[in-house]
Structure formats: C-alpha cells, structure tokens
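Participant: My questions concern the predicted model and sequence given below.
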Amino acid sequence: MNNDGKKYFIKIKGALVEVTDEIYIAYYEMERKEKYMVEKDKAHGLLYYDSWDTEDTRGIDYIMDSTVNVEEEAIRTVIASDIWSYVSQIDDKYHICEGIAKGTTEIEIAKAANVTQQAIHKNKKGF
C-alpha cells in the first residue's frame, strides 16, 4: 500500500485495518485535534449544558434566554390576570376588559361594543 514499505493500521470497531500512510496521518491528525479541543475547553472552564441533564430537567433550561424579557412577561401576566378578575365581576364591561387584555385600542373596543371611544376611556378609568 505504501511506497516506503511501512504498514499503517488504524483500529475500526475493534479490528485493525491496514490503510495508506495518507489515511493514517489524516485519521490521527483528526483524532489529536479533537483531543486538543476537549483539553482546551477544559482549560478554559467550558461547560456543556447537556452535561447538566437529569431525568427530570434538561440542562438548556438553566440557560437564560436573552430574547425574552422576564420582567415584562411577568408584568403582562399579572396585568392580564387582574383584568380577567375584573371581567368576572363586571359583566357589562366585558368588551373593555377583553380589549385591554388583547392590547386592542380604545377605538377598536368602542366599535366592538357599539359605543364611543370617550365612553370606553371613561369606563376604563373606573378599573
């Protein structure tokens, strides 16, 4: 297989397989590079979040999602729950509460309730 008379072997699935010198060199360069990258990651304290996986949780769940503003999401949830508690108490103002919860404008709510925007604004202040 080789011009220099040496035989090169790599282990594949537990068996030694004779290969050319080019394949041998490429294989061990790749293996060494992978080991180097793992050593480098350890030296720099790199952790893989999937190593935190357990039966009950996934490691990725511990990583903060920077695309979601948790404070704003919590405020929206609290406001929405407050609005729906008002809806259950005040049946005749249902359209106003529903519209506010959905982020609808006063004009759009007024059209849905067949009243003026000023009436919606006045009733909204009563919440």
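Facilitator: On my side now, so go ahead.
Participant: And the residue nearest the centre of the chain, how close does it get to Tyr49?
Facilitator: Residue closest to the mean C-alpha point of the chain, counted by CA atoms, centre = their mean, is Asp65 at 5.8 Å. Distance, Asp65 to Tyr49, using CB to CB, to the nearest Å: 12 Å. Bear in mind the C-beta positions are built from the backbone N, C-alpha and C, glycine included.
Participant: Over to Lys111?
Facilitator: Taking CB to CB, one finds Lys111 at 49 Å from Tyr49.
Participant: before we move on, the earlier item: list the contacts of the residue nearest to the centre of the chain.
Facilitator: For Asp65, the contact set (CB atoms under 8 Å, 6 or more residues apart in numbering) is empty.
Participant: and it, what are its phi and psi?
Facilitator: Asp65 adopts backbone torsions of phi -90, psi 110, taken as degrees, to the nearest 10.
Participant: Which residue ranges make up each domain of this structure?
Facilitator: Following the assignment in automatic domain parsing, the chain carries domains at 8-62, 70-125.
Participant: And the last one, how far out from the chain middle?
Facilitator: Meaning domain 70-125. 31 Å (CA atoms, centre = their mean, to the nearest Å).
Participant: and stretch 111-122, average pLDDT?
Facilitator: For stretch 111-122, mean pLDDT is 80.
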